[in-house]
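Enquirer: the following block contains a protein sequence and its predicted model.
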Amino acid sequence: MVSALIVLVLAWLLAMIARRVLGVPVGWPRSIAVGVLMILSFGAMAQYLAASADIGGVDGSAVKVPAAVVLMFLTLAVVWVFALGVAILVGLEVAVPTGSLPKLSSFFRGWRARRQRTRRYAEVVGIAMRHGLGSQLRGLNRNSRHENEEETALHLRLALNEAGVTFVKLGQMLSTRRDLLSEPYIRELSKLQTHAEPEPWSAIEPAIRTYLGRDLDEVFAWVNPEPLASASVAQVHEGSLLSGQVVVLKVQRPLALRQVRRDMDIVLRMAHWLDRSAPWARTIGVKGLAEGFAASLREELNYHVELENMRSVGASLAEAGAGDVRVPHAYEEFSGSRLLVMDKLEGRPISHARGVLSGMTEERRHEVATKLLSATLTQIVDSGVFHADLHPGNIFLRDDGGIGLLDFGSVGRLDPSTRQSLGTLLYAVEKDDSVAATDALIELLDRPEELNERALERGVGQLLTRYRTGFGGLGSRSMFTVLLNLLVQHGFAVPPQIAAAFRALAALEGTLGQVCPGFDVVAAARAEGRRMMAHQFRPGNLKDQLESRALQLLPLLERMPRRLNKLTEDLEQGRFSMNIRMLADSRDRHFLDTLVQQVVVALLASAATLGAIILIASDTGPMLTESVRMHAFFGYTLLFAGFVLSLRAVALVFRRHPENSG
């Protein structure tokens, strides 16, 4: 027991020295394991050196040379055992970098969750393979083309639908990213729906009681056991409060949260794997997309967030004066993270209102579509808070002729500068001003490092000219597709908040097509843009904007005379100077520091190795033993230094920096 403890202490000491020598954060488990191997290998190395130097023995028997020489060779054995151990560590780091494998402790905890995740992962992979997607992942990139795009897109939709709610919602999110996926995938993924068989009332009633924190009869006069609607995550039941107010209860399925968390973990792991193994995945930022989707889905599953979203959208509609577009009132005292109680909107969703719409006149249907588009654009451009999931099931035709909005799990928010850029873009499109439209697009999106502004301006001008007089049989969606293709060709990336606005408009266009077939979204948007910009350019609004800008400039104007006076004095008296900080960026300093370190280590390793070769090859100098000269002994010692420095140089080259790891 004592000897084992001594071995472990010595192994830890050797591991600490090896980590210091390499200068990279090698994992402790492998370092200590190699340290134990060093200790066990010392005897064999000592015997080998003793035999090579004709010492005879290293245990004190039959010693043919002085004890000092024996000690020198024992020391040489120790350093070379250490060098070979460090070489093993470097080989392990090159082959399997620290952090690329699960921690040792993870094998002893969470084994049940890991087994369930593995089983689910195998199930998802099996679904993908069954639909022939194993070799087709590269086709998801819009810059990649192959012969069977339509067939692959169909099987992708079927696979996502079979895999469950998380993957269905992932496909719905991807169906709005025309900047990432080609048209066949957009077309197929847009067909995904999240309808599901309802949970029995025997499972839902205890869940409501748990979420509510009290018995149902303490809050509700009655609740209909038959759901009004049922989706994969939640279902909706009608009821009434004790006051008589008719309400609906949005209840999260009891197992939904656990299932989504499990599948979301698989989505993130697959995204990380694709980010490491597929160049196209790194190009479109699959890792960031998955993380953004995970954050959005977590918010959607938290009804506290949806309750706040309802308030925000309701306030933005009231501020815009859109009284005909109603958001139901939610009862915060009865709601929670997995239960939402709100007033029932009398009417029916557009997805089930075909009979009502067919009974309307063409003018009335056009009026409803225009009202809905106006309310959406007003939310996006004026208030910056907007409903981002405007599919036909989330928009109600109320019995009183108004419009109602439902399901606020996905709400977008835009900052003032982004809203200003969107308004400018709409105004520029209306005025056929390609220069202003190009400037608005550059302000709106993440500017690429190398952008040919003149080429982009020509492309935008051709686009405006092409669609100035109408869209023919292609519909207004074709303009958005061509615009996104143009932006992708020039290297633009669409920020998440802008993608949410595009998603809202894309979903809204399909809804408007059901309300009023042939409704021209872009033409109506141009008219709305003209109206909103005319409102912003009213004298009162212009006065407010000028006062705001003047308030921002006032501190600068107050200091301007003093600064100009100092500048002219410095120029006149020859004291004018400029301070330039080279390598101000920490990334540049880190790169230069690493490069210099690698060069210095490589030069020292080369010099030590060359000196060692010269000493070993020398046939002069005193003899330590009958076959080893002193110069050769020092040469092998110097070779150890060169060898270790070379290993350090290799370790630095293969080191994974935090900004590059993943």
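Expert: Yep, that arrived. All values derive from a computational prediction rather than experimental measurement.
Enquirer: the residue nearest the centre of the chain and E199: what is the separation?
Expert: Centrality entry for the chain: nearest residue to the mean C-alpha point is G288, 1.6 Å, by C-alpha atoms, centre = their mean. Computed as C-beta to C-beta, to the nearest Å, the G288 to E199 distance reads 34 Å. For the C-beta atoms, the positions are set from N, CA and C on the backbone; glycine is no exception.
Enquirer: hang on, the earlier thing: same for the one helix or strand the residue nearest to the centre of the chain maps to, what does it pack against?
Expert: Per DSSP states H and E, G288 falls inside helix 286-301. With contacts taken as 3 or more C-beta pairs under 8 Å, 6 or more residues apart in numbering; DSSP states H and E, helix 286-301 sits against helix 165-174, helix 256-277.
Enquirer: the first one vs helix 286-301, what angle?
Expert: The one in question is helix 165-174. For helix 165-174 against helix 286-301, the angle by axes from the mean of the first three to the mean of the last three C-alpha atoms, to 10 degrees is 110 degrees.
Enquirer: what sits up against helix 165-174?
Expert: Contacts to helix 165-174, defined as C-beta atoms under 8 Å, 6 or more residues apart in numbering, come from residues 124, 156-157, 159-161, 180-181, 185, 189, 192-194, 196, 231-233, 256, 259-260, 263-264, 267, 293, 296-297, 300, 503.
Enquirer: again, only using 7 Å
Expert: Residues outside helix 165-174 that contact it (C-beta atoms under 7 Å, 6 or more residues apart in numbering) are 157, 160-161, 181, 189, 192, 194, 232-233, 259-260, 263-264, 267, 293, 297.
Enquirer: identify the farthest-apart pair in those residues.
Expert: L181 and Q259 (25.7 Å; C-beta to C-beta).
Enquirer: per-domain residue ranges of this protein.
Expert: What automatic domain parsing lists as the domains of the chain is 2-105, 111-196+259-297, 350-537, 587-653.
Enquirer: out of these, which is closest to S316?
Expert: Of all those, the one in closest proximity to S316, counting by C-beta to C-beta, is domain 350-537 (3.5 Å).
Enquirer: what mean pLDDT does that closest one get?
Expert: Domain 350-537 carries an average pLDDT of 79.
Enquirer: can you check stretch 220-240 too?
Expert: 90.
Enquirer: all numbers from here: first residue = 34
Expert: Okay, using 34 as the starting number, the last item reads as stretch 253-273.
Enquirer: next one: that stretch to chain centre, how far?
Expert: The chain centre lies 35 Å from the centre of stretch 253-273; the measure is C-alpha atoms, centre = their mean, to the nearest Å.
Enquirer: just stretch 103-121 next, same as before
Expert: Centroid separation for stretch 103-121 versus its chain: 48 Å, with C-alpha atoms, centre = their mean.
Enquirer: ditto for stretch 423-436
Expert: Counting by C-alpha atoms, centre = their mean, stretch 423-436 is centred 34 Å from the centre of its parent chain.
Enquirer: equivalent analysis for stretch 300-313, please.
Expert: With C-alpha atoms, centre = their mean, you get 11 Å for stretch 300-313.
Enquirer: likewise for stretch 105-125?
Expert: Distance, centroid of stretch 105-125 to centroid of chain: 44 Å (C-alpha atoms, centre = their mean).
Enquirer: next, the buried residues of that stretch.
Expert: 105-107, 109-110, 112-116, 118-123, 125 (16 or more other C-beta atoms under 10 Å).
Enquirer: the residues you listed in helices, which ones?
Expert: 105-107, 109-110, 112-116, 118-123, 125 (DSSP state H).
Enquirer: list the residues that contact E486.
Expert: For E486, the contact set (C-beta under 7 Å, 6+ apart) comprises T471.
Enquirer: swap that for I299, sorry
Expert: I299 makes contact with 150, 153-154, 157 under the criterion C-beta under 7 Å, 6+ apart.
Enquirer: in PyMOL, select just the buried ones from the residues you listed.
Expert: A single PyMOL command selects the buried members of the contacts of I299 (16+ other C-beta under 10 Å):
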select buried, resi 150+153+154+157
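Enquirer: that older thread, pick the one among the contacts of helix 198-207 closest to L70.
Expert: Nearest to L70 among those, with distances taken as C-beta to C-beta, is V300, at 40.2 Å.
Enquirer: so what's the residue count around the closest residue to that closest one other than its chain neighbours?
Expert: Nearest non-adjacent residue to V300, counting by C-beta to C-beta, 6 or more residues apart in numbering: A323, 5.6 Å away. A count of nearby residues for A323, using other C-beta atoms under 10 Å, gives 21.
Enquirer: distance of A323 from L477?
Expert: 24 Å.
Enquirer: do T627 as well
Expert: Per C-beta to C-beta, T627 is found 37 Å from L477.
Enquirer: now V686
Expert: 42 Å.
Enquirer: with A311 instead?
Expert: 29 Å.
Enquirer: who's more crowded, those two?
Expert: L477 (23 against 16).
Enquirer: tally of neighbours for the spatially closest residue to the more buried one that is not a sequence neighbour?
Expert: Nearest non-adjacent residue to L477, counting by C-beta to C-beta, 6+ apart: S454, 4.2 Å away. When counting by other C-beta under 10 Å, one arrives at 21 neighbours for S454.
Enquirer: in contact with S454, which residues are there?
Expert: Residues near S454 by C-beta under 7 Å, 6+ apart: 473, 476-477.
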